[in-house]
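# Give me a 3D structure for the following:
(2 chains)
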Amino acid sequence: MIRLGTLDGRWRFKTGENPGDYTLPTLDDSSWDTILVPAHWHNEGYPHFSGEGWYRTHFESPSRAEGDRLGLRFAAVDYWAHVWLNGIDLGEHEGYFAPFMFDITPHLSPSGDNVLVVQVRNPPDVANLIKGAVTRWDCSDPNGNPGGIWKSVELLAITPTEFTSVSTRTTLVAGDLPILHLTAAVNHGRETVAAALRISLVPQNFQGRTFVFEKRVGIHPGEQELCFDFELPDAALWWPWDWGHPSLYTLTLDLEAVDDGERLGQAVQSCGLREITRGDHWSVYVNGQHVFMRGTNYLSDQYMSTVTPERYRTDVELARDANMNAFLVFGNVEKHDFYRICDEHGMLVMQYFSIQYSYNVNPSLVERGYAVLEDMVAMLDIHPSVIAWVMNGEGDERTRTLLSVPLARRCRQLDPTRLVETASFPIMSQYLLNEDPSTHDHRALRSHYTGLTGRMSGQTGANSLVHEFAYMSLPSVDMLREIGIGHIWPPDWEIIIAHNGRALDLSQHEIEGAVAQSLEELVDLTGRYAGEALRYYIDHYRSHRFTYCNGLYHFLLTDCWPAVTWSIVDYQRRPKVAYAYVKEAFSPVNWMPDCPPVFCVPGQDLEIPLHLVNDLPQDQIGHVGNASLKDAQGNTLIERSYALDCRANSGNQVDVLH
Amino acid sequence: MRSADYYLEMSLVNAESQEVVHHTYRILVREHHIVPLSEPDFGFGGIGYGWFTHELADAGVTCERDDDQTFARICGRRASQVRLLNRIPVRNVGTGDCLQLTIVARATGEMASLCQIVAGLEYTEPNELNPCSDVVCFGPAGAPVRMSLPSNGMWHTLQASLCIPACPVDREMHLWCGFEGAADLTVDLRGLELMR
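Below you'll find the predicted structure:
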């Protein structure tokens, strides 16, 4: 497909139901408002509007090569889109993140002046929408419900022969020989032709070997799939950054007619060679290596139309700089740029589907869920960073049984190469006792919010993946000022609560005995508490790597609006106090105590296990670890020094400090 | 109260770069153990979703999400015992200990309604039948205590002693707290303190 131009710009816009003439080409819409496309209507003078919005614009038919058809492509509309061209109903689309296209060739106006009308419905009944966390989340604006045409609208020339999709999968034979499984879908609008398919893989971000293959194929009228397997000896694999280089290739497919050499079609995309497999519970293997995930939950912005590639890069680099190797994209599908940057930075992505909390499930919702799920898998399939799909976060049993399970079944059919899970659940849920473990393994994904005053409970046994644990803290005073309370002491808790803050009202009086006297002190106290608690559990989970923990995702990296949440980076991407603690605790090689006592009573004996962990693929030899216990006056009560060695990708208890 | 702060200092010297990384951990020695509700760790954040909801649903009641999230709120739908807080870890206690429990709560309902706050301790009991499971059972550590709470919408401070006559050693102890009362009751819990 050849991009001829966009229809981006200012369109006419009106809210409310259609009295009957909104789709007519002859309607005089000059009294309507104007609105920017692409944008969420929230940012265009309609904050917090939920309901029905009508968009109208005119465009001239663009010139195109003879034989080409004209496509109208919407990169994303939130949520239901219904499209008319010159009064003709083109069709509908559901979902907020995925592209969709219409062949408008037969509906173009002979005069060349075309009238495009789009009805966008984004109702306030969010519990019926497959919109995940952008509308149903305790970290987003409770009054927010993003809607509108928020990505570009494009006109495309559809050539007679088109690659409609290209999919690649990698498996490793004998441990290290990559086999690339290539599937290319071709739509051919002419008679059968003998063609040569030339496939090349050119290193994109490293120096290495280029692979070129050529296949003779017969291309028949209509849709067809071309499937080939290629051995790629000495090819560079894609690795998470702490395991190696995230090597990417540029994959190019050229299709040429054999008899006259006419180029029939071309497809170009990025490609990373890596194999994902799963062991017991949630142990994840990348290219055969058991990788411990040090991750964070992530949702960029409630209004993703405002997120630039630079902002995504900032976020990925904040995570990478904090020694994380994984994201958990929670109840939302981000823009392509995020996944592309994760591909480039060697970050793993556990991708949740846009099903958040519980739903009143009915057969219609399941069918709609299938369609939106297919959009997500098709959209993100090319990204090597995406290693797993999870259907639902924090739903109830009914949602899991009636919605998540069939969605997971469909997802496994759509993508048999990635890990698929039904849902994540908190560990403390009592009804887990009654579940049938033969049907699923979702309880291997678990969460907790146990604070420093207590130890984790029920954490022994299964080797699982901790998908969520968190501690709330105030953002910087600058951020509080932007929220409108940066000058108020004592804090205006009502405003903080309106911005997701909770359970903090008493923390101004006591956090481990300290009392804040100013907003700055309270920011520091809550930040240090959150940081220490996060570090405590990160240390603990890592001390038991691969025995009962395969990885962990703290909650969460950034805020998606000006908020007071469990994040470690505020909405303006300023690290909060807790960020430094998380960065320290996520060091790939770390020397740490396992559950050091936080509170003791006088006379209690202390026993503190000391662990060295090494998440890297290289042995760690000859390091020196020191541990000392001091009182508040700085007097040393205990002092130890250890010569530390640790094999690659392992951990061990070095000593117990008494 | 005798109290003191101690610090565990850890440092790692990298063999190649000689880079030194320091970590410091605070250890607070206190005579009593306070569980302030200000800590976002009680599952309050889970009201309206998450594990707390599931448990309540099993008990045949619904919960009402408290928008400001400054206290736990449960609305009873039938006269039965409902847990407001479930299994808050309590450390450093065992057989023979008696703990002083202080609770700040309020109940709202019909004038004639009776409300009793109920609290107890439970210890973890590993699931012997399925040692590979992460499911853990709990056993009672002594009898629960009951405290009457007038259902007049006012905040009240209630106190009781929780004693542990016997429990297995090396088990984690947990505090739970709930209420018993009529179907129309709404109970809010704002503060809780446990002292040795």
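# ok but A:Ala378 is inside a strand, no?
No. According to DSSP: H, G, I helix; E, B strand; the rest coil, the state of A:Ala378 is helix, so it is not within a strand.
# Model confidence for it, exactly?
With respect to pLDDT, A:Ala378 scores 95.
# What sits closest to it if chain neighbours are left out?
Spatial nearest neighbour of A:Ala378, excluding adjacent residues (Cβ to Cβ, 6 or more residues apart in numbering or on different chains): A:Ser165 at 6.9 Å. C-beta: built from backbone N, CA, C; applies to glycine.
# who touches the one you found in this structure?
Neighbour list for A:Ser165: A:Thr183, A:Ala184, A:Ala185, A:Ala378 [criterion: Cβ atoms under 8 Å, 6 or more residues apart in numbering or on different chains].
# part of a strand, is it?
Yes. According to three-state DSSP, A:Ser165 belongs to a strand.
# A:Gly189 versus that one, what's the distance?
Distance check for A:Ser165 against A:Gly189: by Cβ to Cβ, to the nearest Å, it reads 17 Å.
# Give the buried residues for the strand or helix carrying A:Leu525.
Using DSSP states H and E, A:Leu525 sits in helix A:519-543. Neighbour counts over helix A:519-543 (16 or more other Cβ atoms under 10 Å in any protein chain shown) mark A:519, A:522-543 as buried.
# Intersect these with the contacts of chain B.
Among the buried residues of helix A:519-543, the residues within reach of chain B (Cβ under 8 Å from any Cβ of the partner chain) are A:Glu532, A:Arg535.
# Return the residues of the stretch 101-250 of chain A in contact with chain B.
Within the stretch 101-250 of chain A, the residues that sit near chain B (Cβ under 8 Å from any Cβ) are A:Asp138.
# Tell me which residue of the stretch 101-250 of chain A lies closest to chain B.
Using Cβ to the nearest Cβ, the single residue of the stretch 101-250 of chain A nearest to chain B is A:Asp138, 7.1 Å away.
# A strand includes that residue, no?
No. Judged by three-state DSSP, A:Asp138 forms no part of a strand; its state is coil.
# Surely it and A:His499 touch.
No. With contact defined as Cβ atoms under 8 Å, A:Asp138 does not reach A:His499; the gap is 11.3 Å.
# just to revisit the earlier point, give me the beta-bridge partners of the residue nearest to A:Ala378?
A:Ser165 has these beta-bridge partners by DSSP bridges: A:Ala185.
# Just the pLDDT for A:Asp645.
95.
# Quick check: chain neighbours aside, which residue is closest to it?
If you skip the residues right next to it in sequence, A:Asp645 has A:Ile621 as its closest partner in space, 5.2 Å away by Cβ to Cβ, 6+ apart.
# and the gap between that neighbour and A:Ala643?
A:Ile621 is 9 Å from A:Ala643, by Cβ to Cβ.
# which one of A:Asp138 and A:His499 has more residues nearby?
The residue with more neighbours, out of A:Asp138 and A:His499, is A:His499; 23 against 20, by other Cβ atoms under 10 Å in any protein chain shown.
# need the contact list for the residue lying closest to A:Asn143 once chain neighbours are set aside.
Counting by Cβ to Cβ, 6+ apart, A:Asn143 lies nearest to A:His48, which is 4.6 Å off, once chain neighbours are set aside. Applying Cβ under 8 Å, 6+ apart to A:His48 gives the contacts A:His42, A:Asp141, A:Asn143, A:Gly144, A:Asn145.
# So A:His48, which state does it fall into?
Classification of A:His48 by three-state DSSP places it in coil.
# next one: phi and psi at it?
phi 60, psi 20 (degrees, to the nearest 10).
# pLDDT score assigned to the residue nearest to A:Ala378?
With respect to pLDDT, A:Ser165 scores 94.
# quick one: it from A:Ala184, how far?
In terms of Cβ to Cβ, A:Ser165 sits 7 Å off from A:Ala184.
# isn't A:Gly175 right up against A:Gly288?
Yes. Contact criterion Cβ under 8 Å: A:Gly175 and A:Gly288 qualify, at 6.1 Å.
# Could you check which of these two has the larger neighbour count?
Between A:Gly175 and A:Gly288, counted using other Cβ under 10 Å, the more crowded position is A:Gly288 (11 against 7).
# before we move on, the earlier item: quick one: which of the contacts of A:His48 has the most company?
A:Asn145 (26 neighbours).
# dump the residue contacts of the closest residue to it other than its chain neighbours.
Nearest non-adjacent residue to A:Asn145, counting by Cβ to Cβ, 6+ apart: A:Ser50, 4.5 Å away. Residues near A:Ser50 by Cβ under 8 Å, 6+ apart: A:Asn122, A:Pro123, A:Pro124, A:Asn145, A:Gly147.
# what kind of secondary structure is the fourth one in?
The assignment at A:Asn145 comes out as coil when based on three-state DSSP.
# where does it sit relative to A:Tyr581, distance-wise?
Distance check for A:Asn145 against A:Tyr581: by Cβ to Cβ, it reads 35 Å.
# I'd like to know how many residues surround A:His611.
For A:His611, using other Cβ under 10 Å, the count is 22.
# wait, doesn't B:Tyr25 sit right on A:Pro593?
Yes. Judged on Cβ under 8 Å, B:Tyr25 makes contact with A:Pro593 at a distance of 6.4 Å.
# OK, contacts around A:Val349?
A:Ala326, A:Phe327, A:Leu328, A:Val329, A:Tyr339, A:Cys342, A:His383, A:Ser385, A:Val386, A:Ile387, A:Ala388.
# in the chain, which helix or strand is least confident?
Picking chain A for this. Using mean pLDDT, DSSP states H and E, the weakest-scoring helix or strand in chain A turns out to be strand A:445-448, at a mean of 43.
# I was thinking of chain B, sorry if that wasn't clear
For chain B, counting by mean pLDDT, DSSP H and E, that's helix B:50-58 with a mean of 29.
# Return the list of strands paired to the host helix or strand of A:Ala157, each annotated with direction.
Element membership of A:Ala157 [criterion: DSSP H and E] is strand A:153-158. Sheet pairing for strand A:153-158, assigned by DSSP bridges, gives strand A:2-6 (antiparallel), strand A:69-74 (antiparallel).
# contact partners of the longest one?
To tie it back to what came earlier, the one meant is strand A:69-74. A:1, A:4, A:61-62, A:64, A:81, A:83, A:85, A:90, A:93, A:99-105, A:108, A:116, A:118, A:149, A:151, A:153-158, A:189.
# ok, 7 Å please
Applying Cβ atoms under 7 Å, 6 or more residues apart in numbering or on different chains, the contact partners of strand A:69-74 are A:1, A:64, A:81, A:99-105, A:108, A:149, A:153-158.
# mean confidence score for the next helix or strand after it?
Per DSSP H and E, strand A:69-74 leads on to strand A:77-78 as the next helix or strand towards the C-terminus. For strand A:77-78, mean pLDDT rounds to 98.
# Skip ahead from strand A:77-78 and say which helix or strand is next.
strand A:80-85.
# just checking, what packs against the following helix or strand past that next one?
Once strand A:80-85 ends, the next helix or strand along the chain (criterion: DSSP H and E) is strand A:88-94. Contacts defined by 3 or more Cβ pairs under 7 Å, 6 or more residues apart in numbering or on different chains; DSSP states H and E place strand A:88-94 against strand A:80-85, strand A:100-103, helix A:363-380.
# and the shortest one, average pLDDT?
Confidence over strand A:100-103, taken as the mean pLDDT, stands at 97.
# do stretch A:388-400 as well
84.
# hmm, that stretch in reach of chain B?
Yes. Using Cβ under 7 Å from any Cβ of the partner chain, we find that stretch A:388-400 touches chain B at A:Glu394, A:Asp396, A:Glu397.
# Share the number of residues neighbouring the first one, please.
Translated: A:Glu394. Using other Cβ under 10 Å, A:Glu394 has 28 neighbouring residues.
# Over to it: give its phi and psi.
Dihedral angles for A:Glu394 - degrees, to the nearest 10 - are phi 60, psi 30.
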